[in-house]
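Visitor: sequence-free structure coming up:
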């Protein structure tokens with residue numbers, strides 16, 4: 001259930017409207033009701049509505065006119081049409097006009113629950129994809145590079161994106177594997193969603209249901225149908241991060257999907273075809289992972305149709321200052337700071353550092369430096385002490401030492417914020433609006449912090 005979601009119901013028939021209101025409320029969602037399309041449109045304009053359920057036949061503005069009005073206003077909330085048997089053709093016409101799905105009278109409680117949940121979950125994923133696409137626009141800074149290795153990566157992305165080839169991305173932590181996967185999806189032209197699954201974060205007992213979904217009664221506690229990641233990624237891209245952390249028995253079941261392009265929910269005897277672009281990533285050497293039995297050999301060959309190996313930052317040191325300046329400009333604009341530049345001494349230190357955390361570490365350090373800078377220049381006093389050679393540290397003045405202590409305090413505060421956001425998102429089942437209320441901050445502020453701490457937050 002996507003707690004905190006707000007559903008609008010439009011139906012001119014009082015009893016039908018009340019029945020739907022009771023059913024949707026029992027599912028745990030906030031409900032607003034309207035007696036016709038115009039009332040519903042007014043409610044949607046004034047409130048943050050996540051889903052519209054509308055009858056087709058209504059006075060003043062019917063369901064089709066309401067749908068057309070929403071789309072004319074560029075409002076793409078999912079719309080479920082309620083129809084009687086005699087108006088199925090109208091429902092089909094509504095779907096062609098952009099409705100998400102339709103349900104027929106007499107109403108079936110289980111069908112309503114499944115369709116409503118699917119609509120809200122699909123809407124959530126679309127919103128996350130829009131958010132990630134915005135991140136990617138900024139995040140191309142992390143793929144910036146004039147070095148030969150990065151130029152080669154750019155070329156590989158351009159070549160593989162328009163194809164359906166499976167891609168295996170390897171590289172150390174922090175080199176930008178997920179960013180490359182998103183870039184491939186964005187420029188692939190695929191109509192579906194980018195669905196990411198962090199294999200290292202899924203309990204073994206939940207892996208199969210997370211991927212395949214299940215039908216009601218499939219196991220103890222399965223009291224309703226649930227859609228899996230395979231189904232959500234239909235006509236889109238499924239990104240399997242840290243694929244070598246997926247249990248071998250689940251890898252065997254993944255292999256069938258890779259080979260046959262069909263999925264069967266747990267507890268169901270019905271298979272259905274899926275069209276999925278698979279991208280996987282690992283921070284291990286893939287062939288060594290096969291040898292050490294962390295990755296099945298047959299799965300490796302299915303995924304490794306096209307391989308992209310990301311170089312660590314220490315092997316593309318020519319790009320360090322280019323990346324640093326891009327990050328400075330990015331965070332300067334984000335924080336509304338004045339123009340900033342790197343001092344010659346700070347640039348020398350950044351260029352000489354080995355960057356074990358790769359581009360992610362550089363990005364975090366630059367953000368910290370932008371926050372600390374006050375005089376239009378980022379100097380050595382704005383860099384963490386571990387970057388500065390020991391002989392330089394001994395020459396620090398009391399003022400620069402105080403700056404370092406202040407920076408360490410700010411880093412501790414940031415770490416506490418990350419933990420609090422993770423806990424709130426966990427308690428809210430990933431619902432951003434509910435998490436924001438728990439944290440007593442606005443939803444806009446939460447989205448900003450999600451973007452700010454993206455690399456440090458748990459994937460939810």
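Guide: Great, that's in hand. For clarity, every value in this text was computed on a predicted model and none was experimentally measured.
Visitor: least trustworthy helix or strand in the chain by mean pLDDT?
Guide: Here the helix or strand of the chain ranked lowest by mean pLDDT, DSSP states H and E is helix 390-393, holding a mean of 48.
Visitor: okay, now the domains of the chain?
Guide: 6-120, 145-311, 313-396, 409-460 (automatic domain parsing).
Visitor: Relative to residue 126, which of these is closest?
Guide: domain 145-311 (6.7 Å; CB to CB). The way it works is simple: take the backbone N, C-alpha and C, and place the C-beta from them, glycine included.
Visitor: Quick check: end-to-end length of that closest one?
Guide: 11 Å (CA to CA, to the nearest Å).
Visitor: How far does it sit from its chain's centre?
Guide: The chain centroid and the centroid of domain 145-311 are separated by 14 Å, computed with CA atoms, centre = their mean, to the nearest Å.
Visitor: got it, and stretch 53-65?
Guide: 34 Å.
Visitor: in it, what's buried?
Guide: 53, 54, 55, 56, 58, 61, 62, 63, 64 (16 or more other CB atoms under 10 Å).
Visitor: Identify all contacting residues around it.
Guide: Residues outside stretch 53-65 that contact it (CB atoms under 8 Å, 6 or more residues apart in numbering) are 7-13, 16, 20, 24, 35-38, 40-41, 66-67, 69, 79-83, 87, 90-91, 93-94, 97, 116.
Visitor: ends of it, how far apart?
Guide: Using CA to CA, the two ends of stretch 53-65 sit 14 Å apart.
Visitor: what is the mean pLDDT for that stretch?
Guide: Averaged over stretch 53-65, pLDDT sits at 87.
Visitor: Please apply the same query to stretch 25-39.
Guide: On average, stretch 25-39 scores 90.
Visitor: got the buried residues for it?
Guide: For stretch 25-39, by 16+ other CB under 10 Å, it's 27, 29, 30, 31, 32, 33, 34, 35, 36, 37, 38, 39.
Visitor: ok, the residues you listed vs residue 273, which is closest?
Guide: Nearest member of the buried residues of stretch 25-39 to residue 273, counting by CB to CB, is residue 27, at 29.5 Å.
Visitor: For the stretch 51-200 of the chain, just list every one of the strands.
Guide: Counting by DSSP state E, counting those that start in this stretch, the stretch 51-200 of the chain has strands at residues 51-55, 79-83, 101-104, 167-170, 194-198.
Visitor: can you redo those as CSV with distance to residue 204?
Guide: Written out in CSV, the entries for the strands of the stretch 51-200 of the chain read as follows (distance: least, CB to CB, whole Å):
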stretch, distance to residue 204
strand 51-55, 33
strand 79-83, 35
strand 101-104, 33
strand 167-170, 23
strand 194-198, 14
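Visitor: any idea which of those scores lowest on pLDDT?
Guide: Across the strands of the stretch 51-200 of the chain, strand 101-104 gives the lowest mean pLDDT, at a mean of 84.
Visitor: Mind listing residues that contact that strand?
Guide: For strand 101-104, using CB under 8 Å, 6+ apart, the contacting residues are 80-85, 88, 91-92, 94-95, 111-112, 115, 118-119.
Visitor: Over to stretch 163-170?
Guide: Under CB under 8 Å, 6+ apart, the answer for stretch 163-170 is 160, 177, 180-181, 184, 243, 258, 277-286, 300, 302-310.
Visitor: Verify the contact between residue 243 and residue 296 for me.
Guide: No - using CB atoms under 8 Å as the test, residue 243 is too far from residue 296 to be in contact (10.0 Å).
Visitor: Which one of these two is surrounded by more residues?
Guide: residue 243 (28 against 19; other CB atoms under 10 Å).
Visitor: Excluding sequence neighbours, find me the nearest residue to the more buried one.
Guide: Using CB to CB, 6 or more residues apart in numbering and skipping residues adjacent in sequence, the residue nearest residue 243 is residue 280, 4.1 Å away.
Visitor: Backbone torsions only: list them for the closest residue to residue 299 other than its chain neighbours.
Guide: Leaving out its chain neighbours, the residue that sits closest to residue 299 by CB to CB, 6+ apart is residue 251, at 4.9 Å. As for residue 251, its main-chain torsions (degrees, to the nearest 10) stand at phi -60, psi -40.
Visitor: next one: the one 3 residues further on
Guide: The phi and psi torsions at residue 254 (degrees, to the nearest 10) take the values phi -60, psi -40.
Visitor: try residue 333
Guide: In terms of degrees, to the nearest 10, the main-chain angles of residue 333 are phi -70, psi -40.
Visitor: For it, give me the pLDDT.
Guide: 86.
Visitor: Next one: it from residue 294, what distance?
Guide: 42 Å (CB to CB, to the nearest Å).
Visitor: likewise residue 105?
Guide: From residue 105 to residue 294 the distance is 53 Å (CB to CB).
Visitor: Which of the two has more residues huddled nearby?
Guide: Counted by other CB under 10 Å, residue 105 and residue 294 do not tie: residue 294 has more neighbours, with 17 against 13.
Visitor: returning to what we had before: closest one to residue 198 out of the contacts of strand 101-104, please.
Guide: residue 118 (22.5 Å).
Visitor: confidence score at the residue nearest to the closest one when sequence neighbours are not counted?
Guide: Spatial nearest neighbour of residue 118, excluding adjacent residues (CB to CB, 6+ apart): residue 227 at 5.8 Å. For residue 227, the model assigns a pLDDT of 87.
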